[in-house]
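Trainee: predicted model follows, preceded by the sequence.
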Amino acid sequence: MQKAAFIEKKYIVNFIFVTSLFLMWGVLHAMSDVLNKYFQGALNVSKSQSGLIQLSVFGAYFIMSIPAGYFLKKFGYKPGVLLGLALFATGIFMFVPAANAASFNFFRIALFVMGCGMATLETVAHPFSAALGDQRTSDLRVNFSQMFNAIGAICGPLIAAWFLFGNGNANSTDLSSVKSLYIGIGAVIILLFIAFLFLRVQPLNDPHAAAKTDDPEAVNIDLAPSKKLYQHKHFVWAVAAQFFNVAAQGGTWAFFINYGHEVMGFSNQTASNYMSIFMLMMALGRVVGTFLMKFIAPNKLLAAFAMGSIIMCLIVAQAWGWTSYIALMMINFFFSIMFPTIFSLGLKNLGGHTQQGSSFISMGVVGGAFFPLLMGQIANHDVAKAYYLPIICYAVIFLFGYKLYKVKH
């Protein structure tokens, strides 16, 4: 059997542009977690109320992922990207009137529209990246693209901390810094939109078309074409695993700065800067994980990383100073490969259901809308003890990687 290439030459330009999308929403996702702490002071909201930021962003995934999937199926990858970028830019520029009104609810509306753009881009970008070549290397391509998502997540807290907590803004209630930050980002999104308008998308393998080979590992063949989408058990479990995965991510990220401030005694800006190291651990995890996938099956690595996260959460909850803080950093290392690996395992051998399946797995991201609210209720009293809750999530992911990922005919 011929060895599968990571990426074919004809797809390189498309792959670069698609990967840039991962970078961009990585920056904005990480900024939302800095906003969580910033609004606690600037708009006088509690920890549990600030969790509504994640509800606004991830709730948009629940609302938008299915329509985005249908849009993708009807119009294709490039129009899907353009729709996502248009919604993304609209939400970002809504931060200006929200700051002028100094309204937390207005900010939540802006975050919701921005989240609709993110949901559309994620629904499109993951199968887009996976489709740019042989299915046998789709896990590697999606994880490679996600490495740039991690780089964006490293840059996001540094940028947000400088604008929101630096230059004498640490205790300020003036929201002009928020306006400046998001106007700049909005301008970048507009430039990216224009670039995609002129991008020529190479013809991709149509999952509806007849395969040229009988090898299901090479081509996305539906091994049970008579089944409806929900009858593919590995897909259903992927949706559940993604729900709990993003639930754990949303809660862990949302209260990272609070943990640094309250348990470690850092200032808000110092805690925000440490968040960039936190995100660096995710990038490192993706590099290590992508390398290890050459030797270890993706599902086995997923199960091992989920078990690592469970151990780290137990240590974090003890509030043992630097030992627990390093364990908190390591949660992001182990989290690194989970999203793209669950995504690609869930899409295996769905054939004509692939685009619709992508939208449902993206919809699983709604877990991040509710979990920060639950963790916030505990964090109001003890932010360290709140980190017991994600253990439930990682147990589900472990079971998916250990057994429930299997494609059944």
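Mentor: Thanks, I have it.

Trainee: against which helices or strands is whatever helix or strand residue 73 lives in packed?
Mentor: According to DSSP states H and E, residue 73 maps onto helix 52-75. Counting contacts by 3 or more C-beta pairs under 8 Å, 6 or more residues apart in numbering; DSSP states H and E, helix 52-75 packs against helix 12-42, helix 77-93, helix 104-131, helix 233-254, helix 354-363, helix 367-379. For glycine as for every other residue, the C-beta is placed from the backbone atoms N, C-alpha and C.

Trainee: can you state the direction angle for the first one and helix 233-254?
Mentor: Using axes from the mean of the first three to the mean of the last three C-alpha atoms, to 10 degrees, the interaxial angle of helix 12-42 with respect to helix 233-254 works out to 40 degrees.

Trainee: next, the angle helix 52-75 makes with helix 12-42.
Mentor: Using the same axes, to 10 degrees, one finds that helix 12-42 and helix 52-75 are set 160 degrees apart in direction.

Trainee: buried sites along helix 12-42?
Mentor: 14-15, 17-42 (16 or more other C-beta atoms under 10 Å).

Trainee: any idea which helix or strand comes after that helix?
Mentor: For helix 12-42, the following helix or strand on the C-terminal side (DSSP H and E) is helix 47-50.

Trainee: which other helices and strands does that following helix contact?
Mentor: Applying 3+ C-beta pairs under 8 Å, 6+ apart, one finds that helix 47-50 contacts helix 12-42, helix 367-379.

Trainee: adding distance to residue 197 and mean pLDDT, write these out as TSV.
Mentor: Converted to TSV, those look like this (distance: least, C-beta to C-beta, whole Å; pLDDT from 0 to 100):
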stretch	distance to residue 197	mean pLDDT
helix 12-42	11	85
helix 367-379	31	85
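
Trainee: just put the ones you listed in JSON lines and tack on distance to residue 163.
Mentor: Below are the helices and strands packed on helix 47-50 laid out as JSON lines (distance: least, C-beta to C-beta, whole Å):
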{"stretch": "helix 12-42", "distance to residue 163": "9"}
{"stretch": "helix 367-379", "distance to residue 163": "22"}
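
Trainee: nearest to residue 175, out of the ones you listed?
Mentor: Closest of the helices and strands packed on helix 47-50 to residue 175 is helix 12-42, at 6.4 Å (criterion: C-beta to C-beta).

Trainee: distance between the closest one and the chain's centre?
Mentor: 9 Å (C-alpha atoms, centre = their mean, to the nearest Å).

Trainee: and stretch 293-301, by the same measure?
Mentor: Using C-alpha atoms, centre = their mean, the offset of stretch 293-301 from its chain centre is 21 Å.

Trainee: got it, and stretch 389-401?
Mentor: The chain centre lies 17 Å from the centre of stretch 389-401; the measure is C-alpha atoms, centre = their mean.

Trainee: cool, and stretch 382-399?
Mentor: The chain centre lies 18 Å from the centre of stretch 382-399; the measure is C-alpha atoms, centre = their mean.

Trainee: okay, that stretch in CSV with CA atoms only?
Mentor: Extracted in CSV, the C-alpha atoms of stretch 382-399 (Å, rounded to 0.1, in the frame of the first residue of the first chain):
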residue,chain,number,x,y,z
ASP,A,382,-13.1,28.1,46.6
VAL,A,383,-11.7,28.3,43.1
ALA,A,384,-9.3,25.4,43.7
LYS,A,385,-12.1,22.9,44.7
ALA,A,386,-14.0,23.9,41.4
TYR,A,387,-11.4,21.9,39.5
TYR,A,388,-12.8,18.6,40.8
LEU,A,389,-15.7,19.0,38.4
PRO,A,390,-13.7,18.6,35.1
ILE,A,391,-12.7,15.1,36.2
ILE,A,392,-16.2,13.9,35.2
CYS,A,393,-15.6,15.3,31.7
TYR,A,394,-12.2,13.7,31.2
ALA,A,395,-13.6,10.3,32.4
VAL,A,396,-16.1,10.4,29.4
ILE,A,397,-13.2,11.3,27.0
PHE,A,398,-11.2,8.4,28.4
LEU,A,399,-14.0,6.0,27.7
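
Trainee: which residues sit against it?
Mentor: Applying C-beta atoms under 8 Å, 6 or more residues apart in numbering, the contact partners of stretch 382-399 are 47, 240-241, 244-245, 247-248, 251-252, 255, 258-259, 262-263, 302-303, 306-307, 309-310, 313-314, 316-319, 324, 328, 331, 338, 342, 367, 371, 374-376, 378-379.

Trainee: now a ChimeraX select for only the buried ones of these.
Mentor: This is the ChimeraX syntax for the buried subset of those, where burial follows 16+ other C-beta under 10 Å:
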select :47,240,241,244,245,247,248,251,252,255,258,259,262,263,302,303,306,307,309,310,313,316,317,319,324,328,331,338,342,367,371,375,376,378,379
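
Trainee: tell me, how many residues neighbour the closest residue in space to residue 98 that isn't next to it in sequence?
Mentor: What sits nearest to residue 98 in space, not counting adjacent residues and going by C-beta to C-beta, 6 or more residues apart in numbering, is residue 106, at 3.9 Å. Close neighbours of residue 106, defined as other C-beta atoms under 10 Å, add up to 16.

Trainee: I am finished for the moment; much appreciated.
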